[in-house]
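K.L.:
fold the stuff below for me.
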Amino acid sequence: QKKVGQVNIPAVYNETHPFIFRKIFRLPDISNFNYFLHFGQLNGYARIAVNNKMLYQGSQNFLPIEISIPPGLLNQEDNLLEVQIIPWRGQEEQLPHWIPINLPRIYSGINGPVYLEAVPHQFITQISSRWEIIGSEAGIPGEILVHTPSGSPKNLELEIQLLQNTAVIWQGIIPARPDSLAETQILPFDIKTTEITPWSCDQPVQHFLQVTLRQDQVILDQLSKKLAIRDVSIQDKRFVLNGSVVNLKGINYLYQDLQGSGLIDRELILNDLQTLKSKGFNLIRLGYYPQSPLFYQLSDSLGILCLQDLPYPLLREQMLTDTLAYRQLLDYVRVYVKLAEQHPSIIGIGLGNLYHDPGLKQYSKQQRKLRTLLSANDHFLSYTSSFDLTAFPNDFADFYYLEILERNKPDIIMKDLEKLSQMD
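P.N.:
Numbering: from 1, shown residues only. You can find the predicted model right below:
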């Protein structure tokens, strides 16, 4: 090993060898809290240890990671966080070298913020919800998980608020009585209101569920979750948002900062998105890998539709037939969908290029499961792409991209597009 020196986070690099990041930190008081370690984004295969105890091993490139710190592991003296990153080689291994496009440089490292979250012994673990609009009424049923370990007070309650932008349009209170046989309570709720305006390009309203845990009016914990309240579908080969046909004007977008890396620059992204919207674009296709949550927050607020490719540009037969590869693929899709469900601007999730993989048509069971995950029960459109019109399976996705190679022969392009428009 060779010591490089001190670095600021985020920090990424373009090397073939592993890097180890170390951080020593102290905590003033550890007795009254539970701790969660958060990484905004890690690129590469990561091994994460705290005080020499391995807490995470795996690869969820470009996605957030949350790690629960076991009780008793931290102390009030020096604590050591160690993060080893083995460079991600997906770009070299998955992309055919003859693709005639300039791909972004994908660096490995800690590509987002790192922070330690302290929560009290009684805290809100998770908010899960779904929604539907019938006529003029919106229904939002769901569940709240609350951690109430043995010895928790009996007089706990949850206040639930539904916010539209900053206005509270619904609120209610439910008791959160501890169970002596279970440390986690599952508390259902069901919101019905006629005051919701779905998110759209013209009205990019933001919706949040805010849950507050109280004891005798004293706030113990609070958790907010953003909701993607909008309806998207394709009907008669037309794109429909909230029941209205929308004419799409789209463009491909590959983010890089001014130095050519993927480090997030909020002002640069904001300027890009505002420029695209001023030129009349209402849809962007984000190629090859997920963006930072900050990117989607900006597209949500500006009313720009997003189609997000996941980092599986070649959907090989092995990914559906090999048990381990298939499990890793499904796990990655699940994690991304959980993130995407909080951003109404994400309307479609794309996976794979079927070029030279005709065998995929034979594995309909795996395809159906994969599509169900991609669509999150019809919450998103699913899509894929191909360089060959004959390679599209008929029932895998809601729509397909034809990747055009003959860019200097417009007559061939128009003929291919005409053939594609006539396909079922």
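K.L.:
where does the prediction get shaky in the stretch 1-150 of the chain?
P.N.:
Along the stretch 1-150 of the chain, segments meeting pLDDT under 70 span 1, 89-105.
K.L.:
repeat that with 90
P.N.:
The model of the stretch 1-150 of the chain has pLDDT under 90 over residues 1-17, 27-33, 59-62, 71, 76-77, 87-108, 111-112, 121, 131-138, 148-150.
K.L.:
can you pull out the strands in it?
P.N.:
Using DSSP state E, counting those that start in this stretch, the strands assigned to the stretch 1-150 of the chain run over residues 11-13, 19-25, 34-39, 42-43, 45-50, 53-58, 65-68, 79-86, 108-110, 114-119, 123-129, 132-134, 137-147.
K.L.:
for those, which one sits closest to D322?
P.N.:
strand 53-58 (17.3 Å; Cβ to Cβ). Any C-beta I mention is one placed from the backbone N, CA and C, and that applies to glycine too.
K.L.:
most tightly surrounded among the strands of the stretch 1-150 of the chain?
P.N.:
Burial of the strands of the stretch 1-150 of the chain is given as mean neighbour count (mean count of other Cβ atoms under 10 Å); strand 42-43 ranks first at a mean of 26.
K.L.:
which other helices and strands contact that strand?
P.N.:
If you count contacts as 3 or more Cβ pairs under 8 Å, 6 or more residues apart in numbering; DSSP states H and E, strand 42-43 packs onto strand 79-86, strand 108-110.
K.L.:
got the ones you listed as TSV, with distance to Q328 columns?
P.N.:
Converted to TSV, the helices and strands packed on strand 42-43 look like this (distance: least, Cβ to Cβ, whole Å):
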stretch	distance to Q328
strand 79-86	16
strand 108-110	18
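K.L.:
and of the ones you listed, who's closest to L305?
P.N.:
strand 108-110 (30.2 Å).
K.L.:
list the contacts for the residue nearest to N242 when sequence neighbours are not counted?
P.N.:
Closest residue to N242 apart from its sequence neighbours, by Cβ to Cβ, 6 or more residues apart in numbering: P198 at 4.8 Å. Taking Cβ atoms under 8 Å, 6 or more residues apart in numbering, we find P198 in contact with I133, V205, I229, R230, D231, N242.
K.L.:
ok, now with 7 Å
P.N.:
Residues near P198 by Cβ atoms under 7 Å, 6 or more residues apart in numbering: I133, I229, R230, D231, N242.
K.L.:
just the ones of those in strands?
P.N.:
I133 (DSSP state E).
K.L.:
can you add distance to P141 and give the contacts of P198 back as CSV?
P.N.:
Listed next are the contacts of P198 as CSV, based on distance: Cβ to Cβ, whole Å:
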residue, distance to P141
I133, 13
I229, 13
R230, 18
D231, 17
N242, 20
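K.L.:
list the contacts for F281?
P.N.:
Neighbour list for F281: K249, G250, I251 [criterion: Cβ under 7 Å, 6+ apart].
K.L.:
so the second one bridges to which residues?
P.N.:
Spelled out, that is G250. Note on G250: beta-bridge partners by DSSP bridges are L283.
K.L.:
just confirm it contacts R285, I think it does.
P.N.:
Yes - the pair G250 / R285 is scored as a contact, 6.2 Å apart, by Cβ atoms under 7 Å.
K.L.:
more neighbours, the two?
P.N.:
Using other Cβ atoms under 10 Å, the more surrounded residue of G250 and R285 is R285, with 19 against 14.
K.L.:
thinking again about what came up before, closest to S31 out of the contacts of P198?
P.N.:
Nearest member of those to S31, counting by Cβ to Cβ, is I229, at 40.9 Å.
K.L.:
I412: what secondary structure?
P.N.:
With DSSP: H, G, I helix; E, B strand; the rest coil as the basis, I412 sits in helix.
K.L.:
give me the neighbour count for it.
P.N.:
Counted with other Cβ under 10 Å, I412 comes out at 13.
K.L.:
any idea how far it is from K419?
P.N.:
Look at I412 and K419: by Cβ to Cβ, to the nearest Å, they are 11 Å apart.
K.L.:
how about stretch 300-311 as PDB, C-alpha atoms only?
P.N.:
The C-alpha coordinates for stretch 300-311 follow below in PDB (Å, rounded to 0.1, in the frame of the first residue of the first chain):
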ATOM      1  CA  ASP A 300     -38.900  17.200 -10.800                       C
ATOM      2  CA  SER A 301     -39.000  20.900 -10.000                       C
ATOM      3  CA  LEU A 302     -38.600  22.000 -13.600                       C
ATOM      4  CA  GLY A 303     -41.200  19.600 -15.000                       C
ATOM      5  CA  ILE A 304     -38.800  17.700 -17.300                       C
ATOM      6  CA  LEU A 305     -39.600  14.100 -18.100                       C
ATOM      7  CA  CYS A 306     -36.800  11.600 -17.700                       C
ATOM      8  CA  LEU A 307     -36.200   8.100 -19.200                       C
ATOM      9  CA  GLN A 308     -33.400   6.500 -17.200                       C
ATOM     10  CA  ASP A 309     -31.100   3.700 -18.700                       C
ATOM     11  CA  LEU A 310     -29.700   1.400 -16.000                       C
ATOM     12  CA  PRO A 311     -26.000   0.300 -16.300                       C
END
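K.L.:
and it, average pLDDT?
P.N.:
Averaged across stretch 300-311, pLDDT comes to 95.
K.L.:
now do stretch 180-194
P.N.:
Average pLDDT, stretch 180-194: 90.
K.L.:
and what of stretch 271-278?
P.N.:
96.
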